[in-house]
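**Student:** Compute the structure for the input listed below.
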Amino acid sequence: MKIVVIGGTGLIGSKVVALLAAHGHEAIAASPNSGVNTLTGEGVDAALAGADVVVDVSNSPSFADDAVMDFFTTSTNTLIAAERKAGVRHHVALSVVGTERMTDSGYMRAKVAQELLIRESGIPFSLVHATQFFEFVKAIADAATEGDTVRLAPVVITPIAAEDVATAVARTAAGSPLGGVLEVSGPEEFRLTELIARGLGARGDARQVVEDPDARYFGAHLSDRELVPGPDAEVFATTFADWLDAQVAASR
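**Tutor:** Now for the predicted structure:
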C-alpha cells in the first residue's frame with residue numbers, strides 16, 4: 001500500500017516510515033521540510049495522490065491554547081479534504097491516553113477536537129492512544145521545574161517506549177480501520193514523581209522531584225489514574241530500565 005505519514009520525519013513518524021517500508025509498503029514521510037504543510041495546504045493534495053492510508057503523527061510546535069487548537073483543527077481539516085479527493089481508505093491518528101479526561105488542558109481539548117473531526121469525516125479511521133513516552137521524561141521535568149525543584153502530582157503512569165508506539169501505529173496503518181480507539185502502554189506502573197526522578201537521576205540531573213498533588217500536568221489537574229489506560233490496552237514489553245540501558249549503550 002501507499003501510506004503517507006504526516007509528521008514522518010519526527011520521533012514517531014520516522015520510526016513508522018521505517019517499519020512500514022521494511023514490510024514492503026510505499027511509505028512516504030511528509031512534513032513541512034519535504035514541502036507538505038497541512039496548515040497552509042501546500043503540497044498536501046500532491047502527497048496524498050494515490051494514497052491508500054494516511055497516518056497523522058504530527059504535533060503542534062506551540063502548546064499555547066489557541067495555537068494548539070488552531071494547529072490540530074486546521075491540519076486535520078486540510079487532511080480530510082485532501083483524503084476525500086484522493087479516495088484514501090484509512091485515516092490513522094496518534095493521540096494520548098486520557099485525552100477526554102483532561103479537558104482543563106488546552107492541548108487535550110485540541111486533541112479531542114481533532115478526534116471529533118476524524119470521527120465525523122466519513123473516512124474509515126483508527127485512533128491510537130498512547131501513554132507518555134519514556135523519551136519525554138526530561139520535557140515533563142522541564143515543564144514542571146521551578147528553580148532546582150520539579151513539582152509533580154504523584155499520580156499513576158504506565159509509560160511506553162517510542163519504538164513500541166511506532167510499532168503499534170505501523171501495525172494499525174497496515175491493518176483494517178478500527179472505527180475506534182486502540183490504547184497502548186508500557187508494562188510497568190510508576191508514580192509520575194518516581195518515573196521522573198529515576199529518569200533525571202540516570203541523566204545525572206540533580207534537580208529535586210517533589211510531590212505536589214496540585215501540580216498541573218501540561219495545564220491539567222490530575223486525579224490518580226487519568227494517565228492510565230483501560231483493561232483492554234495493548235501492553236508492550238519494553239521496561240523503563242531496559243530503555244535506559246539502551247540509551248546509555250547508544251551514547252557510548
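
**Student:** any chance you could map the strands in the stretch 51-200 of the chain?
**Tutor:** Remark: strands assigned in the stretch 51-200 of the chain by DSSP state E, counting those that start in this stretch are 53-56, 90-96, 125-130, 145-146, 149-152, 156-157, 181-185, 190-191.

**Student:** count of neighbours near the residue nearest to residue 65 when sequence neighbours are not counted?
**Tutor:** Leaving aside its chain neighbours, residue 65 sits nearest to residue 106 (3.2 Å; criterion: C-beta to C-beta, 6 or more residues apart in numbering). From N, CA and C alone the C-beta is placed, and that goes for glycine too. Residues within reach of residue 106, counting by other C-beta atoms under 10 Å, total 18.

**Student:** Please verify my assumption that residue 106 contacts residue 68.
**Tutor:** Yes: using C-beta atoms under 8 Å, residue 106 is in contact with residue 68, at 5.9 Å.

**Student:** Could you list the low-confidence segments of the stretch 151-252 of the chain?
**Tutor:** Filtered on pLDDT under 70, the stretch 151-252 of the chain yields no residues whatsoever.

**Student:** switch to 90 and redo it
**Tutor:** Low-confidence segments of the stretch 151-252 of the chain (pLDDT under 90): 203, 217-224, 247-252.

**Student:** same check, this time on the stretch 1-150 of the chain
**Tutor:** Within the stretch 1-150 of the chain, the stretches with pLDDT under 90 are 61-63, 102-104.

**Student:** What residues sit buried inside stretch 43-55?
**Tutor:** 43-44, 47-48, 51-55 (16 or more other C-beta atoms under 10 Å).

**Student:** do stretch 215-232 as well
**Tutor:** Quick answer for stretch 215-232 (16+ other C-beta under 10 Å): 215-217, 220, 222, 226-229.

**Student:** Now do it: distance from first to last residue.
**Tutor:** Start and end residues of stretch 215-232 are separated by 29 Å (C-alpha to C-alpha, to the nearest Å).

**Student:** And stretch 152-169, by the same measure?
**Tutor:** Start and end residues of stretch 152-169 are separated by 29 Å (C-alpha to C-alpha).

**Student:** likewise stretch 76-94?
**Tutor:** Stretch 76-94 has an end-to-end distance of 12 Å (criterion: C-alpha to C-alpha).

**Student:** Now tell me what touches it from outside.
**Tutor:** 6, 12, 38-39, 41, 44-45, 48-57, 114-115, 117-118, 121, 123-128, 130, 165, 169, 172-173, 176-177 (C-beta atoms under 8 Å, 6 or more residues apart in numbering).
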